[in-house]
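[1] structure for this input, please:
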Amino acid sequence: MGKKALIIEDDGNIAELLRLYLEKDGFEVAQAGDGGQGVTLAQSFEPDVILLDIMLPVKDGWQVCREVRAFSKTPIIMLTAKGETADKVAGLEMGADDYLTKPFEVKELLARVHAVMRRTAEEEGEKPKRLSFDKLIVDLDSYELIVDGKKVDTPPKEMELLFHLASSPNRVYTRNQLLDEVWGFDYFGDSRTVDVHVKRLREKLEGVSDQWRLKTVWGVGYKFEVGEA
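    Have a look, this model is predicted:
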């Protein structure tokens, strides 16, 4: 079969419902009832998308996401009863691609599954992604950020946000544009997600060079400004 989905969910009823809908949609499905088994299946089953609950036995969703990201860029959609913005931000920063709060409509979940898979396929078919500025290299092929000659550990979404801004120097993006174009889905939470990511990028980048900077355009959004600082 062409498409493969991994469900990591300890609620048997939810897992079975997801399995039925995904199989009906043409997916080959594997299921894990705890985080440890989920990580193992992520390696052996090699899914095209992972549906990951947060409250799991053995290893919670946060840990599973971190461990999977160490060996795979497979799209991850986190499923949880928690709806707070902080939880969403945490999941996205750890490398999740989307976040859905229970209860959710299965049609919406399937739409998001297809969206993250489509975006991943598009990214894999694109040209190499590497940007260079004074004392700064943003390499999205290897997901490496080099600041003043040193590699700086940076979560995937921070890398993608910086690359997106720096790809169009001096262009101003609104928060909603960035949520849509970087995260790649209609984000139904707080736009502070972008603010948090920009703040953490600034902690890594500010003062490095006077030839560029991450600038806030008050009342609008952000831009990667090149030229006179």
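
[2] show the subsequent helix or strand relative to the lowest-mean-pLDDT helix or strand in the chain.
    For the chain, the helix or strand with the lowest mean confidence is helix 85-93, at a mean of 68 (criterion: mean pLDDT, DSSP states H and E). Using DSSP states H and E, the helix or strand that follows helix 85-93 towards the C-terminus is strand 98-101.

[3] that following strand - what's its average pLDDT?
    Throughout strand 98-101, pLDDT has a mean value of 84.

[4] please name every helix or strand in contact with it.
    strand 76-80, helix 85-93, helix 106-124 (3 or more CB pairs under 8 Å, 6 or more residues apart in numbering; DSSP states H and E). Backbone N, C-alpha and C define where each C-beta goes, glycine included.

[5] what residues does the residue nearest in space to the middle of the chain make contact with?
    The residue lying closest to the centre of the chain (CA atoms, centre = their mean) is Asp97, at 3.3 Å. Taking CB atoms under 8 Å, 6 or more residues apart in numbering as the definition of contact, the neighbours of Asp97 are Pro75, Ile76, Ile77, Val116, Arg119, Thr120, Trp183, Gly184.

[6] from those, which has minimum pLDDT?
    By predicted confidence, these are weakest at Gly184, whose pLDDT stands at 67.

[7] can you tell me what sits against stretch 29-40?
    Contacts for stretch 29-40 (CB under 8 Å, 6+ apart): 4-10, 12, 15, 18-19, 22-23, 41, 45, 47, 50, 52, 56-61, 63-64, 67-68.

[8] now do 6 Å
    Outside of stretch 29-40, the residues within contact range by CB atoms under 6 Å, 6 or more residues apart in numbering are 5-8, 10, 15, 19, 22-23, 41, 45, 56-59, 64, 67.

[9] ends of it, what's the gap?
    Its first and final residues considered, stretch 29-40 spans 15 Å by CA to CA, to the nearest Å.
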